[in-house]
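**Q** give me a 3D structure for the following:
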Amino acid sequence: MKNLDEHTITQAVLTRNASANDSRLREIMTSLVQHLHAFARETRLTEEEWEKGIEFLTAVGQICTPTRQEFILLSDTLGLSTLVTAQNHKKPEGCTEATVFGPFHVQGAPRFDLGADISDGLPGVPWFVRGQVRDINGNPVPHAVLEVWQADDGGFYDVQKSELEAGEYQGRAVIQADSKGYYHFRTIVPECYPIPHDGPVGKMLEALTRHPWRPAHLHFMILSDDHERLVTHVFREHGEYLESDAVFGVRSSLIADWVEHKPGIDPYGQPIDQPYYTLDFDFVLNPRVR
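**A** Predicted structure coming up:
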């Protein structure tokens, strides 16, 4: 057997992996091994430090649940999610930018009719959201499906609340735009919030003297048969943490004015006895490559 040392181990691993049938897997693993080994050499990584690294990654996996994805948080806070999103969603000028998916999306969100209150009982300041889904040429995208999810006015998502039963949702919905691409719904104004920081990712941020906060935003995932899927946020103009989002998700084109209104008549023509907000935001989808 060949004697291996710090100078020969990298090539030995690459040679061992070279027989992989999947060429893309072989390419990715080759680069991964080269970069990992270069990292260890550059930093002169000690055994104790690598043991701590393994403990950290183990803890990240152990805290994951169906409603908490610590590895997504890790990817987000390291900027890797934004990097992968950016390089995979290069679009023509004028298309709505994509941003990070985040860890709080769930499958099976309830369906609501246009105009419904998707907050489903959440307390908070009323918020009326509306807009149109169009293509790059300005044509409406009829019947586009919009999935929406958000934090509440305390900065928590429904899946973080122990009092809710499994499958009970608030502040998330699937709605369908009309024949001219218009959508509208009612909810409550979400607030900025810290990402979950009671686990290993939170300890990492603390050690790096970084805060865990995200600016206030509303999540959208928009689907249409003839267009690329869009996963994005809409952020509140002049909100806190726009310049220091913990997961690097802010894009200037996704910042919009959440307009405050006095009590009176709401956008649906109904009396309202408290202040409320409106948001008008149009989405422009990129055609799907066939």
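
**Q** any idea how far Phe56 is from Trp50?
**A** 10 Å (C-beta to C-beta, to the nearest Å). Placement of C-beta: from N, CA and C, glycine included.

**Q** and the two? which has more neighbours close in?
**A** Set side by side, Trp50 and Phe56 give different neighbour counts by other C-beta atoms under 10 Å, the larger being at Phe56 (14 against 11).

**Q** what's the neighbour count on the residue nearest to that one when sequence neighbours are not counted?
**A** With sequence-adjacent residues excluded and distances taken as C-beta to C-beta, 6 or more residues apart in numbering, Phe56 is closest to Pro200, at 5.5 Å. By other C-beta under 10 Å, the residues close to Pro200 number 20.

**Q** just Leu14 next, same as before
**A** 15.

**Q** go on, Leu242?
**A** Residues near Leu242, counting by other C-beta under 10 Å: 18.

**Q** Asp113 now?
**A** Neighbour count of Asp113, defined by other C-beta under 10 Å: 9.

**Q** quick one, what contacts it?
**A** Ile175 (C-beta atoms under 8 Å, 6 or more residues apart in numbering).

**Q** for the residue nearest to Phe56, give me the pLDDT.
**A** Pro200 carries a pLDDT value of 98.

**Q** spit out the contact partners of it.
**A** Pro200 touches Phe56, Ala59, Val60, Ile63, Glu70, Leu74, counting by C-beta under 8 Å, 6+ apart.

**Q** for the lengthiest helix in the chain, which outside residues touch it?
**A** Longest helix of the chain, by residue count under DSSP state H: helix 23-43. Residues outside helix 23-43 that contact it (C-beta under 8 Å, 6+ apart) are Glu6, Ile9, Thr10, Val13, Leu14, Asn17, Ala18, Ala20, Leu45, Trp50.

**Q** do you know how far Gln170 is from Gln69?
**A** Distance of Gln170 to Gln69, computed by C-beta to C-beta: 20 Å.

**Q** could you pull out the strands for the stretch 101-250 of the chain?
**A** 126-135, 145-149, 172-176, 182-188, 193-194, 213-214, 217-224, 227-236 (DSSP state E, counting those that start in this stretch).

**Q** ok, Glu147 touching Gln176?
**A** No. With contact defined as C-beta atoms under 8 Å, Glu147 does not count as touching Gln176 (10.3 Å).

**Q** who's more crowded, the two?
**A** Legend: neighbour count by other C-beta under 10 Å for Glu147 and Gln176, higher for Glu147 (18 against 15).

**Q** list the residues that contact the residue nearest to the more buried one when sequence neighbours are not counted.
**A** Counting by C-beta to C-beta, 6+ apart, Glu147 lies nearest to Met221, which is 4.3 Å off, once chain neighbours are set aside. By C-beta under 8 Å, 6+ apart, the contact set of Met221 is His105, Leu146, Glu147, Arg229, Leu230, Val231, Thr232.
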